[in-house]
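Trainee: A predicted structure for the sequence below; I have some questions about it.
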Amino acid sequence: MSEELTEYQGPATMEKITSLAKRRGFVFQSSEIYGGQSGAWDYGPLGIELKNRIAGNWWKTMTQLHDNIVGLDAAILMHPRTWEASGHVENFTDPLVDCKKCKTRFRADQIDPKNLAEKKCPDCGGELTDTRKFNLMFKTHIGPVESILGEIDNNLIYLRPETAQGIYVNYKNIIQSNRMKIPFGIAQIGKAFRNEIVTKNFIFRTCEFEQMEMQYFVKPGTDVETFNEWKKQRWAYYEKLGVKMDHLRWHQHGPDELAHYAKDAYDIEYLFPMGWKELEGIHNRSNYDLTRHTEFSGKDLQYIDQENGNERYIPFIIETSAGLTRTLLMLLCDAYDEEKVADKGNDDDYRTVLRFHPTVAPITVAILPLMKKDGLAELAQDIRAELREDFATDYDQSGAIGRRYRRQDEAGTPFCVTIDYESKENGTVTLRFRDSMEQVRLPRAELPDRLRKEIREYKRLK
Ligand code: GAP
């Protein structure tokens, strides 16, 4: 077995990723013209394409490629009792200390225990407050006025801190409407909100983010086997996406890390430029959630196994929970590369390239006429019109062809099609590959099939 990497070893830094993301329209700071809103980010034209493609790929993997997993899109606003039942009102807290002098807020579990014991601010040496529990759920009010009833706040509502609960409260609806039989899964992609005390490292930990979660309902006693199976499947998912596998590892939660609902939990961690960090969690949630929802709602949430003499039980739940926006950051870091490509002694000697897998690249194929004149632009537009029904295309006719290739490399476009005078004469075009920069000439009519084959058989060079 190869040794585990201890430090990130690629050319990416968080500064380079943040700067490229802004420059090329992947991710912008939220409300930038007002000085920015911490914990929130906006996804620009390339960013939303990348995000949609990651989501689409996950959705296909989890639903289309499984016989027994269906989708759901539940509301962000849920009945407040949901969060009492789930344990979030009581347990979803971070320990918090403030510096009385410089007013900086810290997570107590993330500062040096010596500072905590001495109540000394790690930044300015000022006095720290006692540790308090801080609930991470965002609260708001529904209806035109906030409640004036004092203790009992009838209008209080939370922004969901995980998508999972929307699935649990719908599990019976889905069994009934879709005739699902255990084992089966429900997948969902959507926004989640957490009032994170520390938001740093770009989009890694934010207050508003998106999750891709799948909850798999199983018979008690089969949970451990299913849990291990889902661990395998989620690992294979990243392998198929072409992620650098030596940048992934497992981390099992120790007793003091386990969430209040979990019987067992593993994280898939990725080696980001700032170190090993959680990317996705695979959790054995036991029958905790459905038992609690039974108690709090008064509804019978037992499964009735009609094929086994109407045996009744509360299913166990195996959860796979990945951050969509965190996966996007991982893919930006993983795909980022810098390469020397010439020896002219100027900036053109180097290129920045995002080696995205073609299934998630924001643009799959860019169409580039060598010249605007002599009918080349029209021919290129015609080829684009033909390809755009089946592929995410871009069209660029401005600037030297080398510069245009560089722009596409930086956007992570795996294929460029160049149209030149020969194209006019004999109907052939040049297909250029982002990773190797190799070019092949082929008849225009062969392009769609060739692109499909290249996408299917894609293997990253490095
Ligand atoms: N339903 C289980 C659950 O929410 P979690 O480990 O708290 O588990 C799952 O979150 C995933 O959601 C994480 O692995 C991470 O990818 C993403 N995530 C959690 N908090 C996040 C935040 N503040 N910003 C961005 N992504 C976050």
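Mentor: Great, that's in hand. Keep in mind that this is a model prediction, so the values were computed, not measured. Residues are numbered from 1 along each chain as shown.
Trainee: count of neighbours near residue 233?
Mentor: For residue 233, the tally of surrounding residues (other C-beta atoms under 10 Å) stands at 16. To be clear about C-beta, it is placed using only N, CA and C from the backbone, and glycine gets the same treatment.
Trainee: go on, residue 295?
Mentor: 12.
Trainee: And the helices in the protein?
Mentor: 14-23, 45-59, 81-85, 88-91, 113-118, 164-168, 171-178, 223-240, 288-297, 324-335, 376-387, 401-411, 421-426, 447-456 (DSSP state H).
Trainee: Chain neighbours aside, what residue packs nearest to residue 448?
Mentor: Nearest residue to residue 448 in three dimensions, chain neighbours excluded: residue 390, at 6.2 Å (C-beta to C-beta, 6 or more residues apart in numbering).
Trainee: Can you read off the pLDDT for the nearest residue to residue 332 once chain neighbours are set aside?
Mentor: Excluding the flanking residues, the one nearest residue 332 by C-beta to C-beta, 6+ apart is residue 17, at 5.3 Å. As predicted, residue 17 sits at a pLDDT of 98.
Trainee: What of residue 174?
Mentor: Residue 174 carries a pLDDT value of 98.
Trainee: Take the helices of the chain and write them to JSON lines, including distance to residue 275.
Mentor: Listed next are the helices of the chain as JSON lines, based on distance: least, C-beta to C-beta, whole Å:
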{"stretch": "helix 14-23", "distance to residue 275": "11"}
{"stretch": "helix 45-59", "distance to residue 275": "22"}
{"stretch": "helix 81-85", "distance to residue 275": "32"}
{"stretch": "helix 88-91", "distance to residue 275": "27"}
{"stretch": "helix 113-118", "distance to residue 275": "20"}
{"stretch": "helix 164-168", "distance to residue 275": "27"}
{"stretch": "helix 171-178", "distance to residue 275": "37"}
{"stretch": "helix 223-240", "distance to residue 275": "18"}
{"stretch": "helix 288-297", "distance to residue 275": "31"}
{"stretch": "helix 324-335", "distance to residue 275": "12"}
{"stretch": "helix 376-387", "distance to residue 275": "41"}
{"stretch": "helix 401-411", "distance to residue 275": "26"}
{"stretch": "helix 421-426", "distance to residue 275": "49"}
{"stretch": "helix 447-456", "distance to residue 275": "33"}
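Trainee: between these, which gets nearest to residue 303?
Mentor: Distance to residue 303, taken as C-beta to C-beta, is lowest for helix 171-178 among these, at 7.3 Å.
Trainee: So which elements touch that closest one?
Mentor: Helices and strands in packing contact with helix 171-178 are not found; criterion 3 or more C-beta pairs under 8 Å, 6 or more residues apart in numbering; DSSP states H and E.
Trainee: Other residues contacting stretch 384-392?
Mentor: Here stretch 384-392 makes contact (C-beta atoms under 8 Å, 6 or more residues apart in numbering) with 49, 53, 361-365, 367, 393, 395, 417, 447-448, 451.
Trainee: Just the buried ones from these?
Mentor: Buried subset of the contacts of stretch 384-392 (neighbour count, 16 or more other C-beta atoms under 10 Å): 49, 53, 361, 362, 363, 364, 365, 367, 393, 417, 447, 451.
Trainee: for the closest residue in space to the fourth one that isn't next to it in sequence, what are its contacts?
Mentor: Yep, that's residue 362 we're talking about. Of all residues not flanking residue 362 in the chain, residue 49 sits nearest, at 3.5 Å (C-beta to C-beta, 6+ apart). Taking C-beta under 8 Å, 6+ apart, we find residue 49 in contact with 362, 363, 392.
Trainee: Now do residue 148, the pLDDT please.
Mentor: Here the pLDDT value assigned to residue 148 is 59.
Trainee: swap in residue 161?
Mentor: 98.
Trainee: For the stretch 251-400 of the chain, which residues are neighbours of the ligand?
Mentor: For the stretch 251-400 of the chain, the contact set with the ligand under C-beta under 6 Å from any ligand atom comprises 278, 279, 280, 281, 319, 321, 322, 323, 325, 326.
Trainee: is the third one in a bridge, and if so with what?
Mentor: Note on residue 280: beta-bridge partners residue 268, residue 322, judged by DSSP bridges.
Trainee: State the distance from residue 416 to the ligand.
Mentor: Look at residue 416 and the ligand: by C-beta to the nearest ligand atom, to the nearest Å, they are 33 Å apart.
Trainee: Report the spatially nearest residue to that residue, omitting neighbours in sequence.
Mentor: Spatial nearest neighbour of residue 416, excluding adjacent residues (C-beta to C-beta, 6+ apart): residue 432 at 4.3 Å.
Trainee: Now do the contacts for residue 271.
Mentor: Residue 271 neighbours (C-beta under 8 Å, 6+ apart): 5, 7, 8, 247, 248, 249.
Trainee: just to revisit the earlier point, any chance of the contacts of stretch 384-392 in a markdown table with pLDDT as columns?
Mentor: Shown next, in a markdown table, are those (pLDDT from 0 to 100):
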| residue | pLDDT |
| --- | --- |
| 49 | 98 |
| 53 | 98 |
| 361 | 98 |
| 362 | 98 |
| 363 | 98 |
| 364 | 98 |
| 365 | 98 |
| 367 | 98 |
| 393 | 98 |
| 395 | 98 |
| 417 | 98 |
| 447 | 98 |
| 448 | 98 |
| 451 | 98 |
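Trainee: Closest one to residue 87 out of these, please.
Mentor: Nearest to residue 87 among the contacts of stretch 384-392, with distances taken as C-beta to C-beta, is residue 53, at 34.5 Å.
Trainee: Pull the contacting residues for residue 342.
Mentor: So residue 342 contacts 348, 349 (C-beta under 8 Å, 6+ apart).
Trainee: How about the backbone phi and psi for it?
Mentor: Backbone geometry at residue 342, expressed as degrees, to the nearest 10, gives phi -150, psi 180.
Trainee: From the ligand, how far out is residue 349?
Mentor: Counting by C-beta to the nearest ligand atom - residue 349 and the ligand are separated by 37 Å.
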